[in-house]
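Visitor: return atomic coordinates for the entry below.
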Amino acid sequence: MAEHPPVIVHPPSPSGGRRITVRGQIVGLAHGRGDVCEFLREAGLDPSEVALDDPTLIEWRGGDLDHWPRPTA
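Guide: Okay, here's the model as predicted:
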């Protein structure tokens, strides 16, 4: 079984946010790239040294790093 990267950005929720897990722990709900960077920083990763499109570090599910849909009504 293949291992997942340490960071997973889950598919968008009806609220438009995307759940973020780091090493299997939920760290928050992101509503854009800036939120992802902040959660990485809080998890001890330096966002300035992380490429958000690095598949060895971040797995994007249900859309890529540019997929941030608006909340459903």
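Visitor: going forward, measure contacts and count neighbours with C-alpha atoms only.
Guide: Noted.
Visitor: just say helix, strand or coil for the residue nearest the centre of the chain.
Guide: By Cα atoms, centre = their mean, the chain has its centre lying nearest to V9, at 3.1 Å. Going by DSSP: H, G, I helix; E, B strand; the rest coil, the secondary structure assigned to V9 is strand.
Visitor: wait, it touches L57, no?
Guide: No. Using Cα atoms under 8 Å, V9 makes no contact with L57, being 10.7 Å away.
Visitor: what about the strands in the chain?
Guide: Assigned by DSSP state E, the chain shows strands spanning 7-12, 18-22, 25-30, 58-60.
Visitor: could I get the ones you listed as TSV with mean pLDDT and distance to D66?
Guide: TSV is the format used below for the strands of the chain (pLDDT from 0 to 100; distance: least, Cα to Cα, whole Å):
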stretch	mean pLDDT	distance to D66
strand 7-12	96	12
strand 18-22	96	12
strand 25-30	96	12
strand 58-60	96	10
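Visitor: what bits of this structure have low per-residue confidence?
Guide: Scanning the chain with the threshold set as pLDDT under 70 gives 1-2, 73.
Visitor: residues touching the nearest residue to L40 once chain neighbours are set aside, list them.
Guide: Of all residues not flanking L40 in the chain, P47 sits nearest, at 6.3 Å (Cα to Cα, 6 or more residues apart in numbering). By Cα atoms under 8 Å, 6 or more residues apart in numbering, the contact set of P47 is 37-38, 40-41.
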